[in-house]
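Novice: after the sequence you'll find the predicted model.
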2 protein chains.
Amino acid sequence: MSNCNNVNHEEYAEIFKALANPNRLKIFSRLATCCKPGTVDVFNPQTSACIGELGDELDIVASTVSHHIKELRRVGLIRTRRQGKNIECWVDPQIVDDLRDFFSF
Amino acid sequence: MSNCNNVNHEEYAEIFKALANPNRLKIFSRLATCCKPGTVDVFNPQTSACIGELGDELDIVASTVSHHIKELRRVGLIRTRRQGKNIECWVDPQIVDDLRDFFSF
DNA sequence: TTTATAATTCGATATATGTCGAATTGTAAT
DNA sequence: ATTACAATTCGACATATATCGAATTATAAA
């Protein structure tokens, strides 16, 4: 269960680049967190959010949030689906496990 | 032992930025890995390396390695000390634990 | 003291990024 | 069909970054 360097560094560098911007990191944390009031499970669907919500919470305009979401999605950190007028965003539990493993040398 | 968002996002964004470059990520992995032949412990001092070694292994000129090392050091991912003509570089075990915790939501 | 080796700093350049506002597209409600 | 709301795309700008080679500095050996 340890990394031991059998890892695609290019791919992980891309992932870390996605987490290297404070706003994107906040978005990711916001979507992954288990501490939001009203949530019980780690990856409770309740922790999902849409572009507008995220923009309001972080005080960024929608176009910028959209851009960040695209980037997080590109590297596989989050998933999205349209739900009516909104785009629902959530974190893929698998990637969090992978990242924890990355740091198990 | 879980992150739960009580975290300085600015600080971690800086750390991830340092890991966002393939060459820096390789340097970090190289220094942190437990799989190098001849090493037994996770953070065995044998896994340390100097600028020249790292440059040879990754085929980058010394000035670039030096620059990357400076950056990794700045954000606390590695430590260094001068040993004669060489600069010895190694990974601080604590930061690896911190990073694993970061992904324990 | 001179020479050799390792690392750092400096200057230059090309490339990428974050952010915004305006215009556009997609979806639902009236 | 019109209106309203949400998200995306586009264009622009300013800022940051990765990399190299040349020049410099630090340390050790002859």
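Specialist: In hand now; what should we look at? Keep in mind it's a predicted model, so treat the numbers as computed, not measured.
Novice: from here on, just use CA atoms for contacts and neighbour counts.
Specialist: Fine.
Novice: just read off the phi/psi values of whichever residue of chain A sits closest to DNA strand C.
Specialist: Nearest residue of chain A to DNA strand C (CA to the nearest atom of the strand) works out as residue A:84 at 3.5 Å. With angles defined as degrees, to the nearest 10, residue A:84 sits at phi 70, psi -130.
Novice: how near is it to residue B:56?
Specialist: With the distance defined as CA to CA, to the nearest Å, residue A:84 ends up 55 Å from residue B:56.
Novice: likewise residue A:9?
Specialist: Separation of residue A:9 from residue B:56 (CA to CA) stands at 18 Å.
Novice: which of the two has more residues huddled nearby?
Specialist: The residue with more neighbours, out of residue A:9 and residue B:56, is residue A:9; 19 against 12, by other CA atoms under 10 Å in any protein chain shown.
Novice: which residues are in contact with that one?
Specialist: The neighbours of residue A:9, taking CA atoms under 8 Å, 6 or more residues apart in numbering or on different chains as the test, are B:22, B:25, B:26.
Novice: from the residues you listed, which would you call buried?
Specialist: B:22, B:25, B:26 (16 or more other CA atoms under 10 Å in any protein chain shown).
Novice: before we move on, back to that, quick check: the residue of chain A closest to DNA strand C vs residue A:51, distance?
Specialist: Distance, residue A:84 to residue A:51, using CA to CA: 13 Å.
Novice: count the residues that sit near residue A:94.
Specialist: Using other CA under 10 Å: residue A:94 sits among 10 other residues.
Novice: for the one helix or strand it maps to, name the packing helices and strands.
Specialist: In this structure, residue A:94 sits in helix A:93-102 according to DSSP states H and E. Packed against helix A:93-102 by the contact rule (3 or more CA pairs under 8 Å, 6 or more residues apart in numbering or on different chains; DSSP states H and E) you find helix B:93-102.
Novice: at 10 Å instead, please
Specialist: helix A:9-18, helix B:93-102 (3 or more CA pairs under 10 Å, 6 or more residues apart in numbering or on different chains; DSSP states H and E).
Novice: quick one: the strands in chain A?
Specialist: Under the criterion DSSP state E, chain A contains strands at A:49-50, A:78-83, A:86-91.
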